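**Q** Build the 3D model from these lines:
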Amino acid sequence: MAGSGSSTKKEDGFTLIEIIAVLILAGILAVMAGSGLLSAVRGYLLARESTALSQKAQLCLDRLTKEYRLCYDCGDGSLREFTNPLGDRVLSLDGTELKINGDTLVDRVDNLELSLSGDLLDLTLELEHRQAGSSLTFSTGIFPRNTYD
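**A** Sure thing, here's the model as predicted:
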């Protein structure tokens, strides 16, 4: 009996609702993976700029330490003009560039502080960190050798 009452029809494939649900889930997973990747890239860029700034600051502080360590006439109270065996030196902040006798030591300088307490010269340098939107502070202490009378 071929035509007895109910016939079952086998359905192949997916329904439209199943396809939409899978697409929505795939989209949610893609957004989560993308935001994780974006934060990893931001972290990498932050670390890369921090390393570059640290290297620039270290070179600048090493040069200033050498200059001030040989200072035998540390000049006026501002400590921006001094004399060492290499001659007269003028330390200037031109915009965001720190210069010594017109030669740039480091750029992106937010602040430079020099203070002499006793025989110790405290030098503090702040460099602009663009990725973080703030400044990194570097400091050193220098004992000029020839400041005695």
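
**Q** contacts and neighbour counts: CA atoms only from here.
**A** Noted.

**Q** Was I right to think Asp88 contacts Phe82?
**A** Yes: at 5.9 Å, Asp88 counts as touching Phe82 under the criterion of Cα atoms under 8 Å.

**Q** How far does stretch 25-37 sit from its chain's centre?
**A** 28 Å (Cα atoms, centre = their mean, to the nearest Å).

**Q** swap in stretch 21-30?
**A** 37 Å.

**Q** circling back: of Asp88 and Phe82, who's got more company?
**A** Phe82 (20 against 14; other Cα atoms under 10 Å).

**Q** looking only at pLDDT, what's the mean for the helix or strand hosting that one?
**A** Phe82 is located in strand 81-84, with elements delineated by DSSP states H and E. In this model, strand 81-84 carries a mean pLDDT of 84.

**Q** And it, what does it pack against?
**A** strand 87-94 (3 or more Cα pairs under 8 Å, 6 or more residues apart in numbering; DSSP states H and E).

**Q** Buried residues, the strand it packs on. List them.
**A** By 16 or more other Cα atoms under 10 Å, the buried positions in strand 87-94 come out as Arg89, Leu91, Ser92, Leu93.

**Q** which outside residues touch the helix or strand that it is followed by?
**A** The helix or strand immediately downstream of strand 87-94 is strand 97-100, counting by DSSP H and E. Contacting residues not belonging to strand 97-100 are listed as Arg89, Val90, Leu91, Ser92, Leu93, Thr104, Leu105, Val106, Asp107, Arg108, Val109 [Cα atoms under 8 Å, 6 or more residues apart in numbering].

**Q** Distance of Ala30 relative to Arg42?
**A** From Ala30 across to Arg42, the span is 18 Å (Cα to Cα, to the nearest Å).

**Q** Tell me the secondary structure at Thr140.
**A** Following DSSP: H, G, I helix; E, B strand; the rest coil, the label given to Thr140 is strand.

**Q** Having no further points to raise, I will conclude here.
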